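fold the following for me, if possible:
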Amino acid sequence: MTTYFSYPSVELQNELRSTAEAIVAPGKGILAVDETNEGIGKLLATIGLENSENNRRRYRQLLFTAEDVSENVSAVILFHETVYQKTDDGSSFISVLQKKNIIPGIKVDKDVVPLPFTEDEVTTQGLDDLAKRCAEYKKQGCRFAKWRCPLRISERTPSLLAIEDTARVLARYAAICQSEGLVPIVEPDVLLDGDHDIVRAQNVTEIVLAAVYKALNDHHVFLEGSLLKPNMVTPGQNCKVRNSPQEIALATVTALLRTIPAAVPGITFLSGGQSEEEATLNLNAINQVPLKKPWALTFSYGRALQASVWKTWAGKDANVKKAQEELIKRTKANGLASMGKYESGAVLSAAGNKSNFKSNYKY
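Residues are numbered from 1 along each chain as shown. Sure thing, here's the model as predicted:
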């Protein structure tokens, strides 16, 4: 068996590394606005709006044009439609973000389909034309991509097949992204759904992450030009024992130390249905854990940055400024948390303590 392989060119390595490091700059994180049209449609329905292209555009415009959003947001994950949308004055969303020194990125997976002969497990699709799509997104101004693979904990899942499939799919995705000049954000998402305790969550998370990084190595992914977007290690939503942020933080950092190479520049946690305040407190505790942490530990939140925005906006133009203020509150709170400097209750937002969990959630 040959042992020959090559990484990207030195020039491309430098570009990928520079982008990855900029995304996880101190005090900054990612705003995830990559809901599918179906997913954002459900949110629009809660405020009585039609799921139209213009209403989706209006909401995203609210986010991207918020003053001072770049203070704590380094990057934004877009959905395909959003790449080509424009503001009321005709400026492309991507140009608006670029002027704010916010790095545009793109969700490139095509959602999940059943994994045959398993207990309701899934695989993520979209590899067939990925290189072509990545090249087009890079041309449009995107500099990174995101691909999510969800895994569910139950008595007999995730299965070895599902874990291995997740690892291989994520590795192939990451290699293709890098070949086309995009930083891959690798997202193995061990879901909150279930009644498992934190010990089971940690064990599964460690097994999944170990498999993913073995596969990334096998596929010769340039780790310095990549990022990880994992779940925090928390008990299942229906578990009777609720752990403190400090217990969650210790379990999470321990799992990462056992599985994630130090070459990875940063880890951008998903919120996974936690409330806004809960996601902030857990991120803050993670950054305060007295263990070595060779990577930046920050946020890549969707619902945990936007729940208060949706509640305040309610689809009305008159509420845009107030809704933008809610966004800034949460980004600042998480910017502090990414440095371990947030104080519980320091930021009060419109839906700060409201759970964002939804069973079988579809983005």
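
just to be sure, Ala145 is in a strand?
Yes. Counting by DSSP: H, G, I helix; E, B strand; the rest coil, Ala145 is located in a strand.

do I have it right that it meets Gly105?
Yes. Proximity of Ala145 to Gly105 meets the contact threshold set by CB atoms under 8 Å, at 6.1 Å. For glycine as for every other residue, the C-beta is placed from the backbone atoms N, C-alpha and C.

need the residues touching each of these two.
With contacts defined as CB atoms under 8 Å, 6 or more residues apart in numbering, the residues shared by Ala145 and Gly105 are 182-183, 185.

can you show me the strands along the chain?
Taking DSSP state E as the criterion, the chain contains strands spanning 29-33, 73-78, 103-107, 112-114, 122-124, 144-151, 183-190, 227-228, 266-269, 296-301.

using TSV, lay out these together with mean neighbour count.
As requested, the strands of the chain are exported to TSV (neighbours: other CB atoms under 10 Å):
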stretch	mean neighbour count
strand 29-33	27
strand 73-78	26
strand 103-107	25
strand 112-114	12
strand 122-124	19
strand 144-151	25
strand 183-190	27
strand 227-228	28
strand 266-269	24
strand 296-301	27
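
among the ones you listed, which is nearest Lys240?
strand 183-190 (19.4 Å; CB to CB).

so what's the gap between that closest one and the chain middle?
Distance of strand 183-190 from its chain centroid, counting by CA atoms, centre = their mean, to the nearest Å, is 7 Å.

what angle do that strand and strand 73-78 make?
80 degrees (axes from the mean of the first three to the mean of the last three CA atoms, to 10 degrees).

okay, the most centrally placed residue in the chain: pLDDT?
The chain has Ser300 as the residue nearest its centroid, 4.2 Å off, counting by CA atoms, centre = their mean. Per-residue confidence at Ser300 stands at 98 (pLDDT).

for it, list each beta-bridge partner.
Ile30 (DSSP bridges).

OK, contacts around it?
Contacts of Ser300 by CB under 8 Å, 6+ apart are 29-30, 32, 77, 146, 185, 229, 268-270.

and it, how far from Asp129?
25 Å (CB to CB, to the nearest Å).

same question, Gly236
Remark: distance between Gly236 and Asp129 (CB to CB) = 36 Å.

more neighbours: these two, which one.
Under the neighbour definition other CB atoms under 10 Å, Gly236 and Asp129 were set side by side, and Gly236 has more, 21 against 11.

who are the contact partners of that one?
Counting by CB under 8 Å, 6+ apart, Gly236 has contacts 153, 192-197, 201.

how many neighbours does the residue lying closest to it once chain neighbours are set aside have?
Closest residue to Gly236 apart from its sequence neighbours, by CB to CB, 6 or more residues apart in numbering: Gly194 at 3.6 Å. When neighbours are defined as other CB under 10 Å, Gly194 has 20 of them.

would you agree Gly194 is in contact with Gln237?
Yes. Gly194 is in contact with Gln237 according to CB under 8 Å; the separation is 7.0 Å.

any shared contact partners between those two?
Here Gly194 and Gln237 have no joint contacts, going by CB under 8 Å, 6+ apart.

surely Arg242 meets Ile198?
No. Using CB under 8 Å, Arg242 makes no contact with Ile198, being 9.4 Å away.

more crowded one of these two?
Neighbour tally, Arg242 and Ile198, criterion other CB under 10 Å: the higher count belongs to Ile198, 20 against 10.

if we ignore the residues flanking it in sequence, what's nearest the more buried one?
That would be Pro235: by CB to CB, 6+ apart, it lies 4.6 Å from Ile198.

what sits against the one you found?
196-198, 201, 241-243.

now swap in Val253 and tell me
By CB under 8 Å, 6+ apart, Val253 lies in contact with 286, 289, 291, 293, 297.

most neighbours of all the residues you listed, which one?
Per-residue neighbour counts (other CB under 10 Å) across the contacts of Val253 peak at Ile286, which has 28 neighbours.

my guess is that residue contacts Thr234, does it?
No. Ile286 is beyond contact range of Thr234, at 11.3 Å (criterion: CB under 8 Å).

what residues are shared contacts of these two?
Ile248.

next up, phi/psi of Lys28, please.
Reported as degrees, to the nearest 10, the phi and psi values for Lys28 are phi -130, psi 160.

which non-adjacent residue is nearest Asn287?
Closest residue to Asn287 apart from its sequence neighbours, by CB to CB, 6+ apart: Gly340 at 3.5 Å.

so who does that neighbour touch?
Gly340 neighbours (CB under 8 Å, 6+ apart): 284, 287-288.

tell me how far it lies from Gln324.
For Gly340 relative to Gln324 (CB to CB), the value is 27 Å.
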